[in-house]
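Student: Predicted structure and sequence below. I'll ask about it afterward.
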Amino acid sequence: MSPTASTTTAELFDQMHARSLSDPAGFWGEAAKDISWFKPWDKVLDDSNAPFYRWFTGGELNTCYNAVDRHVEDGRGAQAAIIYDSPVTQTVQTITYAELQDQVARFAGALRAQGVEKGDRVLLYMPMIPQSVVAMLACARLGAVHSVVFGGFAPHELATRIDDAKPKAIVSASCGIEPNRIVKYKPMLDAAIEQSAHKPASVIVWQRPQETATLIAGRDVDWMEAVAKAEPAECVPVKATDPLYILYTSGTTGQPKGVVRDNGGHAVALRWTMTNIYNVKPGEVYWAASDVGWVVGHSYIVYAPLLTGCTTVVFEGKPVGTPDPGTFWRVIEQHKIGTLFTAPTAFRAIKREDPDANHLKKYDLSHFRALFLAGERSDPDTLHWAEDNLKVPVIDHWWQTETGWAISGNPLGVHLFPIKYGSATRPMPGWDVRVLNAELKEVPRGDIGAICVKLPLPPGTLPTLWNADERFKKSYLADYPGYYQTGDAGFIDDDGYVYVMARTDDIINVAGHRLSTGAMEEVLSSHKDVAECAVIGVADDLKGQVPLGFVCLKAGVTRPHEEIVKEVVQLVREQIGPVADFKRALVVDRLPKTRSGKILRGTMQKIADSQDYKMPATIDDPGILPEIADALKTLGYAKTSSTPA
């Protein structure tokens, strides 16, 4: 069905979504015209080896060419490609597309001089600096497969990734910089290589002025010296189905899962999202306040903005403390950023330190158009706070490391649907989202179940796990045949809006009633004194599990904690009802989180139930866990010390 002059944008979106499911080859084949191909594809969607679906088989392209060289050829060479803003080093630097092309070509040449060729893996262990982006693009330029590991990961976790990816080379920096400390990377990298069975042929090190790393003769190479000697490398054509990168996500067995991303479908999908979901045009400044070590950093710091010809911001700092809660607003004003994508955790931190938004009022944000949130569930109170103070649409959208882009969102470039607080709005084109029960049947609208996606998944999603096809099927496809299991629980309402309430493991069973911890967190976060919260299910002899809340208070709140606990308990009773059996809450200074901002509810639950737990590799500050244990003991939980493995 073609749009007519009377077609509303809402109807247009409905038509797009319907066509993406009924005619995926036609829909994504049209989207692929925004990408430059060395060789056109034979087939848009190859389902000959289901459930291992492949996109754009037979096609050849180069992701780096599409992200860099193409824009220089189109006359954008003088436009800023990267703005590096580092309040922790008092640095602001702009790199044009022409400069980026030169830096990437030369570093690709340096990698090639170390023996890296098409199909080889290169592991990156880097902070938030432009060289991280250069290294990723240089791998893509050669057709090598990069695997970025968050800078500062512990040696053991780094070693497991080295052994799985078997990189020919490792690229690192001498250090990362936190607001109050320097994190020396090289000793941790050396320890990881010592522990790993696989040994890389070479290690290339970017020496930062804040810390000079000791290089090991015969293996380690200085970045600047390597580049000075290298011949610039041209873009190598690769198959659309060839891997672009491996990104490891935690596995339940302790062995991380290497999520694979291909070149063709990835480029098509991410380029499409910038126009249709984020409403961002070539030449505009776009900021994803994440880290290149996470999927958001891959998708929306590096690839999507550069594939679109935008200016992307590489930010090395924190939302508060570098130097104050006005940091984000300073960056937005200074660089004329139109769209920001960050985690709800960042806004909760800002709201906690500056509840009245006094810092925000110092800056001119008249050019700012939209805020997108993802990573943790966006509680309605945080959304309201952001809307009230920024005066722009605040859009919660939902996606995962495995998916690479949004499963559900509000397509700002097509139609802004009415915002429903607590919902990630509508499934995006390509996503056939269903809510299923244990019998694999769809549940009625409004009922909670397992959120699944009918296969095939759209382009840009994981085609498999690195060297682990069977694990891919077991992890994501086995429990709900014909569907991708997201691991999230929630419901779809009568308007088709998706509500992601919790991870499936966070749906607690209280005396036979399946209850969402996310719904309780919504209520807690609505309290005027609460900046952030979490709810877990703890073991109970009578009811199986009962909910327990943790609340962090806004700056300046001096009321007795007992009063606040009574009030939040009463709020849950009023808004959810006695069935929730919500009677216990603790006031704590901070919550344990991953470096990407996810609250570690599962670890908190194990501590409460006195179970041994594995120290999460992604934890931001392990020192918070003993604080949580001490707080739990005041209520009679954590009776024996849990032991981190």
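Tutor: Received it, and whenever you're ready, just let me know what you need. Numbering: from 1, shown residues only.
Student: ok, which stretches of the stretch 51-200 of the chain are helices?
Tutor: Along the stretch 51-200 of the chain, counting by DSSP state H, counting those that start in this stretch, helices occupy 63-64, 70-71, 97-113, 130-142, 155-165, 185-195.
Student: Just checking the distance from stretch 82-102 to the centre of its chain.
Tutor: 22 Å (C-alpha atoms, centre = their mean, to the nearest Å).
Student: again with stretch 166-177
Tutor: 21 Å.
Student: do stretch 117-133 as well
Tutor: With C-alpha atoms, centre = their mean, you get 18 Å for stretch 117-133.
Student: Tell me which residues of it come out buried.
Tutor: Using 16 or more other C-beta atoms under 10 Å as the test for burial, stretch 117-133 gives 120-133. No exception for glycine: its C-beta is placed from N, CA and C like everyone else's.
Student: in what helix or strand does the most centrally placed residue in the chain lie?
Tutor: Nearest to the geometric centre of the chain sits V296, at 3.6 Å (C-alpha atoms, centre = their mean). Counting by DSSP states H and E, the element that carries V296 is helix 295-296.
Student: what sits up against that helix?
Tutor: 247, 259, 288, 290, 341, 374-375, 400-401, 404, 596 (C-beta atoms under 8 Å, 6 or more residues apart in numbering).
Student: C-terminal to it, which secondary structure element comes first?
Tutor: Immediately after helix 295-296, counting by DSSP H and E, sits helix 304-308.
Student: Just the C-alphas of that following helix, formatted as CSV.
Tutor: Provided in CSV are the C-alpha atoms of helix 304-308 (Å, rounded to 0.1, in the frame of the first residue of the first chain):
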residue,chain,number,x,y,z
ALA,A,304,25.3,4.8,12.9
PRO,A,305,26.3,8.5,13.2
LEU,A,306,29.3,8.1,10.8
LEU,A,307,27.3,6.0,8.3
THR,A,308,24.9,8.9,8.2
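Student: Show the low-confidence segments of the stretch 401-550 of the chain, by residue range.
Tutor: Low-confidence segments of the stretch 401-550 of the chain (pLDDT under 70): 505-507, 509, 511-514.
Student: what about the helices in it?
Tutor: 469-476, 517-525.
Student: Take these and lay them out in CSV including mean neighbour count.
Tutor: Supplementary listing: those in CSV, determined by neighbours: other C-beta atoms under 10 Å:
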stretch, mean neighbour count
helix 469-476, 16
helix 517-525, 25
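Student: Please identify which of the ones you listed is closest to T603.
Tutor: Checking these against T603 by C-beta to C-beta gives helix 517-525 as the closest, at 14.3 Å.
Student: okay if I get the helices of the stretch 401-550 of the chain as TSV plus distance to M16?
Tutor: Output for these, formatted as TSV (distance: least, C-beta to C-beta, whole Å):
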stretch	distance to M16
helix 469-476	26
helix 517-525	29
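Student: Quick check: the gap between the nearest residue to M520 once chain neighbours are set aside and D581.
Tutor: Distance criterion C-beta to C-beta, 6 or more residues apart in numbering; nearest residue to M520, sequence neighbours excluded, is V535 at 4.5 Å. Look at V535 and D581: by C-beta to C-beta, to the nearest Å, they are 12 Å apart.
Student: So in terms of bridging, what pairs with the nearest residue to T517 once chain neighbours are set aside?
Tutor: Using C-beta to C-beta, 6+ apart and skipping residues adjacent in sequence, the residue nearest T517 is V535, 4.1 Å away. On the basis of DSSP bridges, V535 is bridged to G549.
Student: can you start the count at 857 instead of 1 from here on
Tutor: Right, with 857 as the first residue, what we last looked at is V1391.
Student: Run a quick neighbour tally on V1391.
Tutor: Neighbour count of V1391, defined by other C-beta atoms under 10 Å: 29.
Student: Domain ranges for the chain, per the record?
Tutor: Following automatic domain parsing, the chain resolves into domains at 865-970+1093-1173+1253-1346, 1367-1489.
Student: Of these, give the one that comes closest to D1235.
Tutor: Closest among those, once you apply C-beta to C-beta, is domain 1367-1489, at 3.9 Å.
Student: what's the distance between the closest one and the middle of its chain?
Tutor: With C-alpha atoms, centre = their mean, you get 23 Å for domain 1367-1489.
Student: just to revisit the earlier point, to P1099, which of the helices of the stretch 1257-1406 of the chain lies closest?
Tutor: That would be helix 1325-1332 among these, by C-beta to C-beta, at 13.3 Å.
Student: what helix or strand does V1187 sit in?
Tutor: Going by DSSP H and E, V1187 is in helix 1183-1191.
Student: which residues touch R997?
Tutor: With C-beta under 8 Å, 6+ apart, R997 has these contacts: 918, 920-921, 960-961, 964, 1089-1092.
Student: what about 6 Å?
Tutor: 920, 960, 964, 1091 (C-beta atoms under 6 Å, 6 or more residues apart in numbering).
Student: Tally up the residues packed near the closest residue to it other than its chain neighbours, please.
Tutor: Nearest non-adjacent residue to R997, counting by C-beta to C-beta, 6+ apart: C920, 3.9 Å away. Neighbour count for C920, taken as other C-beta under 10 Å: 31.
Student: Could you tell me how many residues sit around T1496?
Tutor: Counted with other C-beta under 10 Å, T1496 comes out at 8.
Student: right, and it touches Q1467 too?
Tutor: No - with contacts counted by C-beta atoms under 6 Å, T1496 stays clear of Q1467, the gap being 9.5 Å.
Student: Could you list the buried residues of stretch 1060-1068?
Tutor: Applying 16+ other C-beta under 10 Å to stretch 1060-1068 flags 1060-1064, 1067 as buried.
Student: what sits up against it?
Tutor: So stretch 1060-1068 is contacted by 987, 1027-1031, 1038, 1040, 1069, 1076-1077, 1079, 1082 (C-beta under 6 Å, 6+ apart).
Student: what mean pLDDT does it have?
Tutor: The pLDDT scores in stretch 1060-1068 average 97.
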